[in-house]
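> Pasting the sequence and the predicted coordinates here, then a few questions.
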Amino acid sequence: MAPERTRAHHRTEERRTQFRLPVAAKLTALMGTVAVLLVIFLGLRNFHEAVGEIEAAVDGEGIRLVTLVAKTFHPFWVKVDEATGQATAVAPDEFRRGFDEATGRLRAIIAEPAIQGQVLDVLLMGQGDDVYARAVSSESFRRSGEVELRVPEAERAGISVHSVTYFDSRGRIPARRYKKRMVLGAAPVGYAEVWLAASRIEVTGTRLSNGIVYSAIIAAIVGAGISFLLGTFFTRPIRQLARDMRVASTGNLDHRSSVRTSDELGDLARTFNRMIDGLKEAQASEAERKLFERELKIATEIQQNLLPRQVPKAPGLDIAAHYMSAKEVGGDYYDFLAIDPHRLGIIVADVSGKGVPGSLVMTMTRSLIHLAAAEEASPRQTLIRVNRILARDMAPGMFVTAIYMVLDIRDFTLRVARAGHNEAILVRDADGSVEALRPEGIALGMDRDGRLFSTQLQEQAIDLSPGDFLAIYTDGIVEGMDPAGKEYGAERFRGVLASSRGNRAEAVTNRVLEDLNVHRRGAEQSDDITIVVLRRA
């Protein structure tokens, strides 16, 4: 992404996050909500427990009283024939006596100090729900909103329980009605009802509900306040680190975070500082890399300019050359030197090193070859002079292999000197024979005083007949590897040269390179490749 587009993208992102919700506010909302939910949960549990206990107490009292009334009160409104088991109505005088007695006892029950104010009414009813006696006058109250309740203990005792709103002179009273069947002998003759005030249940429920609401409000306020203070305190390093990141994002890589806490935020700040240091180093490395690439490009251009722009042309002479470096700047070198109008110098060299160091040594070797060849017609003497100067300036462990030859284009005689380089391959056109030219010699730069180099170096002379050609190359060809690491090899190279008899120099070069590519099968080039083919037409 282009820098201008990147900055525009960052500005857009900043606008999108301008109205953000701070972490402290989020923590405040979260903790306040948690506190409210916790208070509500605990309050509801206490609410159900407290209300359940009061309901159980009220229901227990109602069950006890209605059971007592049903068992101890005689159904004065009927009598049962012992022979037939049939219930019949009693005489009016007997009914009146029974009514007066029952009413007095019922009123005595609700007047007992232990339950006074709790028992609203007690009734005795017949089978058809006709009220025969009650503790409270029927004109003094009314009821509404009756709902049947499930009370397991009452159901086991044959008692039905209803919730009802009771109205009397005191006003509205929440109540519960307990109803149990009355029997005379074995015959059902009516029902007993007890009405108890359930105000305690409602009052307790209201009080607990209000308590839950008030507690939730207080918990929300206190929890939110504490959470806000804690959130503000704990997020202060985060806000500082965010400011540090914004400063660094503007390109100020000298800025460092001032967060010094000993927790994870401190670790994050230290990691941020290390990241900034790394970015600064990477920025410097990137600048150095770009500078190096620029210098390498210049070095590559210089090296390319040092190689021959074209091959020499002369009657009966056919020359082709190919060079390909394994890196941007290689260590191989080939050249053609016009010694005089009749003699042509040809050199192929390989520096023990690649990249810029190899290129520098190659450039120095080229300059020395040009100087020495201008004064020496002998390949051997030329290499001796070059080694005398080159060996003094070579770094330890570096050397140059070279094969240098001088061709007399008048009679196509060739003198060859080899300083530790690959053998030259001569292919005779007459019989297709393949000869290896191996005059003795050690590499340039290995012998600093030059005496061993001079005694070891030999010179070989050959004649080229029409159609004969000579291949001079570097080890990047014979040591070229396929993906499995298998080398191209000298034997395969010689076979391709032998099969190229009768072809022009350029065709021979192309056949070698094509066969080498077939062998490599796309494997990376591991060394510089140089080949020069000299042919007598």
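That came through, no problem.

> what's in contact with the helix or strand that contains residue 133?
Taking DSSP states H and E as the definition, residue 133 sits inside strand 131-134. Contacts to strand 131-134, defined as CB atoms under 8 Å, 6 or more residues apart in numbering, come from residues 76-77, 99, 102-103, 106, 121-126, 138, 190. (C-beta placed from N, C-alpha, C; glycine too.)

> Just give me the neighbour total for residue 301.
11 (other CB atoms under 10 Å).

> Let me know the pLDDT of it.
pLDDT, residue 301: 71.

> Mind jotting down where the strands sit in the stretch 51-200 of the chain?
78-80, 87-89, 119-125, 131-134, 142-149, 159-168, 171-184, 187-197 (DSSP state E, counting those that start in this stretch).

> Please work out which of those is packed deepest.
strand 119-125 (a mean of 24; mean count of other CB atoms under 10 Å).

> What are the boundaries of the helices in the stretch 351-500 of the chain?
355-373, 379-393, 451-456, 475-478, 490-498 (DSSP state H, counting those that start in this stretch).

> just to revisit the earlier point, export the strands of the stretch 51-200 of the chain as CSV, with columns for distance to residue 504 and mean pLDDT.
As requested, those are exported to CSV (distance: least, CB to CB, whole Å; pLDDT from 0 to 100):
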stretch, distance to residue 504, mean pLDDT
strand 78-80, 144, 83
strand 87-89, 142, 80
strand 119-125, 131, 88
strand 131-134, 137, 89
strand 142-149, 116, 82
strand 159-168, 118, 87
strand 171-184, 121, 88
strand 187-197, 127, 89
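
> Of the ones you listed, which is nearest residue 456?
strand 142-149 (121.7 Å; CB to CB).

> for stretch 245-260, which positions count as buried?
By neighbour count with 16 or more other CB atoms under 10 Å, stretch 245-260 contains the buried residues 247-248, 253, 255, 257, 259.

> Equivalent analysis for stretch 492-510, please.
492-494, 496-497, 500-501, 503, 505-506, 508-510.

> need these in JSON lines with distance to residue 91 and pLDDT, can you?
Conversion of the buried residues of stretch 492-510 to JSON lines gives the following (distance: CB to CB, whole Å; pLDDT from 0 to 100):
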{"residue": "492", "distance to residue 91": "143", "pLDDT": "96"}
{"residue": "493", "distance to residue 91": "146", "pLDDT": "96"}
{"residue": "494", "distance to residue 91": "150", "pLDDT": "96"}
{"residue": "496", "distance to residue 91": "146", "pLDDT": "97"}
{"residue": "497", "distance to residue 91": "151", "pLDDT": "97"}
{"residue": "500", "distance to residue 91": "151", "pLDDT": "96"}
{"residue": "501", "distance to residue 91": "156", "pLDDT": "95"}
{"residue": "503", "distance to residue 91": "152", "pLDDT": "96"}
{"residue": "505", "distance to residue 91": "154", "pLDDT": "97"}
{"residue": "506", "distance to residue 91": "150", "pLDDT": "97"}
{"residue": "508", "distance to residue 91": "151", "pLDDT": "97"}
{"residue": "509", "distance to residue 91": "148", "pLDDT": "97"}
{"residue": "510", "distance to residue 91": "145", "pLDDT": "96"}
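
> okay, those in CSV with distance to residue 150 next?
Shown next, in CSV, are the buried residues of stretch 492-510 (distance: CB to CB, whole Å):
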residue, distance to residue 150
492, 101
493, 104
494, 109
496, 105
497, 110
500, 110
501, 115
503, 112
505, 113
506, 109
508, 110
509, 107
510, 104
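
> which of those lies closest to residue 374?
The closest of those, once distances to residue 374 are taken by CB to CB, is residue 505, at 26.2 Å.

> From residue 366, how far out is the closest one?
Distance from residue 505 to residue 366, counting by CB to CB, to the nearest Å: 23 Å.

> which strands and helices sit next to the host helix or strand of residue 228?
Taking DSSP H and E as the criterion, residue 228 maps to helix 199-249. Packing partners of helix 199-249 (3 or more CB pairs under 8 Å, 6 or more residues apart in numbering; DSSP states H and E): helix 23-72, strand 171-184, helix 264-306.

> tally of neighbours for the closest residue to residue 254 other than its chain neighbours?
Leaving out its chain neighbours, the residue that sits closest to residue 254 by CB to CB, 6 or more residues apart in numbering is residue 280, at 7.7 Å. When counting by other CB under 10 Å, one arrives at 13 neighbours for residue 280.

> same deal with residue 358?
For residue 358, the number of neighbouring residues by other CB under 10 Å comes to 24.

> how about the nearest residue to it, chain neighbours excluded?
Spatial nearest neighbour of residue 358, excluding adjacent residues (CB to CB, 6+ apart): residue 331 at 3.0 Å.

> Is the residue nearest to residue 254 in contact with residue 253, as I believe?
Yes. With contact defined as CB atoms under 8 Å, residue 280 reaches residue 253; the gap is 4.3 Å.

> What angle do helix 490-498 and the helix or strand that contains residue 517 make with each other?
Element membership of residue 517 [criterion: DSSP H and E] is helix 505-520. Inter-element angle recorded for helix 505-520 and helix 490-498: 150 degrees (by axes from the mean of the first three to the mean of the last three CA atoms, to 10 degrees).
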